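Enquirer: build me a model:
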Amino acid sequence: SYFNIPGVVALVMSVIGSQLSSLTIAREWERGTMELLVSTPVTRLELMTGKLAPYFAIGLVDAAICVLVAVGWFGVPFRGALLTLFGTTCLFLAVVLSIGYLVSVSIRSQVGASQVALVLTMLPTTLLSGFTFPIDQMPAFVQGVTTLVSARYYVTILKAIFLKGSSAPDLALPIACLALYAAIVVAFAARAFRKTLD
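Expert: Residues are numbered from 1 along each chain as shown. Take a look at the predicted model:
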């Protein structure tokens, strides 16, 4: 339980964040309200912020519930700082929400968007983040592939905070990688939406 439960937090964040945000723009196409949305004066960044802010808040609440269950129900020790935990959780939520939003902009079907978002977030989180299998026991090529998975850095951070009591300076490298990942994905997601009906 000590090895697996901290990783469950990352899995829950991936599923909740990507699944909810992947339906935002696709829902507009299916309901036929995209014309109204396109005609408004809101910018792409304002639209993205408005669509994702509620899910960001839901993700933080889910993270808090996961931590309480991990510590209170499963008895996993929590030796780190809550500020570090929730700060890095905000970065990871930015990644998964932006991925879901990017998928939602690209695919006009809610079912298709949710399935693609699931493949892009849940499967890598389960198989390539160190949640299920230790990364140092994977083949060298697969270890290289894991560097492209944002959940790898988040799971590393979670385990270090829970079990080792690591502080932010101790986790500078994975936090920096996660922050860079978040900046890139958010930038792509913000530019993805075009105010056209093509």
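
Enquirer: longest helix anywhere in this protein?
Expert: Counting by DSSP state H, the longest helix found in the chain is helix 44-72.

Enquirer: list the buried residues for whichever helix or strand comes after that helix?
Expert: As assigned by DSSP states H and E, the chain's next helix or strand after helix 44-72 is helix 82-106. Neighbour counts over helix 82-106 (16 or more other Cβ atoms under 10 Å) mark 84-85, 88-89, 91-105 as buried. C-beta here means a position set from N, CA and C on the backbone, and glycine is covered the same way.

Enquirer: still on that earlier bit, what's the angle from the longest helix of the chain to helix 82-106?
Expert: Helix 44-72 and helix 82-106 are oriented at 130 degrees to each other (axes from the mean of the first three to the mean of the last three Cα atoms, to 10 degrees).

Enquirer: which strands and helices lie in contact with helix 44-72?
Expert: On a contact count with 3 or more Cβ pairs under 8 Å, 6 or more residues apart in numbering; DSSP states H and E, helix 44-72 meets helix 5-21, helix 24-31, helix 82-106, helix 172-192.

Enquirer: which of the ones you listed comes out lowest on mean pLDDT?
Expert: Note on these: helix 24-31 shows the lowest mean pLDDT, a mean of 80.

Enquirer: what is the mean pLDDT for the helix or strand following that one?
Expert: Scanning forward in sequence from helix 24-31 by DSSP H and E, the next helix or strand is helix 34-39. Helix 34-39 comes out with an average pLDDT of 76.

Enquirer: name the residues of helix 34-39 that are buried.
Expert: Quick answer for helix 34-39 (16+ other Cβ under 10 Å): Met34.

Enquirer: do the same with stretch 138-158
Expert: Met138, Thr146, Val149, Ser150, Ala151, Arg152, Tyr153, Tyr154, Val155, Thr156, Ile157, Leu158.

Enquirer: adding distance to Pro174, pLDDT and secondary structure, write those residues out as JSON lines.
Expert: Listed next are those as JSON lines, based on distance: Cβ to Cβ, whole Å; pLDDT from 0 to 100; DSSP: H, G, I helix; E, B strand; the rest coil:
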{"residue": "Met138", "distance to Pro174": "17", "pLDDT": "88", "secondary structure": "coil"}
{"residue": "Thr146", "distance to Pro174": "12", "pLDDT": "90", "secondary structure": "helix"}
{"residue": "Val149", "distance to Pro174": "12", "pLDDT": "90", "secondary structure": "coil"}
{"residue": "Ser150", "distance to Pro174": "10", "pLDDT": "90", "secondary structure": "helix"}
{"residue": "Ala151", "distance to Pro174": "11", "pLDDT": "90", "secondary structure": "helix"}
{"residue": "Arg152", "distance to Pro174": "8", "pLDDT": "91", "secondary structure": "helix"}
{"residue": "Tyr153", "distance to Pro174": "4", "pLDDT": "93", "secondary structure": "helix"}
{"residue": "Tyr154", "distance to Pro174": "8", "pLDDT": "93", "secondary structure": "helix"}
{"residue": "Val155", "distance to Pro174": "9", "pLDDT": "92", "secondary structure": "helix"}
{"residue": "Thr156", "distance to Pro174": "5", "pLDDT": "92", "secondary structure": "helix"}
{"residue": "Ile157", "distance to Pro174": "5", "pLDDT": "94", "secondary structure": "helix"}
{"residue": "Leu158", "distance to Pro174": "10", "pLDDT": "92", "secondary structure": "helix"}
